[in-house]
Structure formats: structure tokens, C-alpha cells
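**Student:** here's my sequence, what's the structure:
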Amino acid sequence: MKVGLYIEHGSGNGMGGAELLMAHVASVWSQTHHVDLIHHRPPLTRERLELFSGDDYSSVRFRYVPREAEPEAAANPFRRFQYARAWHAAVSEGYRCLRQLYPLAAVLQSREGVDAAGAVPVLCPSPRPA
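**Tutor:** From the prediction side, this is the model:
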């Protein structure tokens, strides 16, 4: 299964709990799945994470996606949904499962996939302790 783990928050070059948590999950899931760690911060690299963690990221693809401006406001709820769905569409293209740390930004674009950002994280692979 192709899985995208999306870190939508953060700026600068800080390394904190959110980054380490998602990187750890990526490391574990990459043992049995194709995993991309998707983010908006150029300094967040495999080499930088390896300085703070003992996890193996050799099978994890790090994917930087430029941050897009927020979608325009719309009074019509259907139009608002269309704008929200199109916002950061490039983040989720091609994934069967998209998992976010916070359920705010991207909407899974795949018709067959599972958007596990909110109430259905159980449908994505479940990390097992090593």
C-alpha cells in the first residue's frame, strides 16, 4: 500500500515531537508499505532526522511540497468544500492512505483510498512495536 504521512504544521528548522512521531511511524510502516513523509519545510530531511533518532529511514521517501495560500472564503458551503478539496491537492495525489498528525489541511484525492485524518485512522496500517 502507498501511504502518505503528512506534517502540515511548522516552519523554520526546528525539530520537535510532531516531526519525530511522524518519522517514527514512517519508519515502522515502511517495513511493509511504500511510505512518503510529506511536509512543507525544506530543512526537514532524512539526514536531519537521523541526528535526533535511531530509526531507519532508508525506505522512507521525504517529500517537500511548497505551502499553498489558504483557499478563498465562500459563503456557499458547496463552493467552500470545492475550494478546500482543491487546496493542497498535490499532497495526497497517488496515495491509498493519507495520515495527518492534525486533521486540518489536506483531503485525500484518490477515489479508492482512505483519508485517515479524522475519525478513521484504524483503516490505515497500524504500527506495531518492533
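**Student:** okay, now M1: neighbour count?
**Tutor:** 14 (other Cβ atoms under 10 Å). The way it works is simple: take the backbone N, C-alpha and C, and place the C-beta from them, glycine included.
**Student:** please apply the same query to V65.
**Tutor:** Using other Cβ under 10 Å, the number of residues around V65 comes to 14.
**Student:** who touches T45 in this structure?
**Tutor:** Taking Cβ atoms under 8 Å, 6 or more residues apart in numbering as the criterion, T45 is in contact with F62.
**Student:** wait, W29 sits on A23?
**Tutor:** No. Judged on Cβ atoms under 8 Å, W29 makes no contact with A23 at a distance of 10.9 Å.
**Student:** out of these two, which sits in the more crowded spot?
**Tutor:** Legend: neighbour count by other Cβ under 10 Å for W29 and A23, higher for A23 (26 against 23).
**Student:** can you tell me the element the nearest residue to the more buried one once chain neighbours are set aside falls in?
**Tutor:** Leaving aside its chain neighbours, A23 sits nearest to L49 (5.0 Å; criterion: Cβ to Cβ, 6 or more residues apart in numbering). For L49, the enclosing helix or strand under DSSP states H and E is helix 46-52.
**Student:** least trustworthy helix or strand in this protein by mean pLDDT?
**Tutor:** Lowest by mean pLDDT, DSSP states H and E among the helices and strands of the chain is strand 114-115, with a mean of 44.
**Student:** contact partners for D56?
**Tutor:** S27.
**Student:** which SS class is it?
**Tutor:** coil (DSSP: H, G, I helix; E, B strand; the rest coil).
**Student:** what about the nearest residue to H40 once chain neighbours are set aside, how many residues nearby?
**Tutor:** Sequence neighbours aside, R67 is the residue nearest to H40 in space, at 4.2 Å (criterion: Cβ to Cβ, 6+ apart). By other Cβ under 10 Å, the residues close to R67 number 12.
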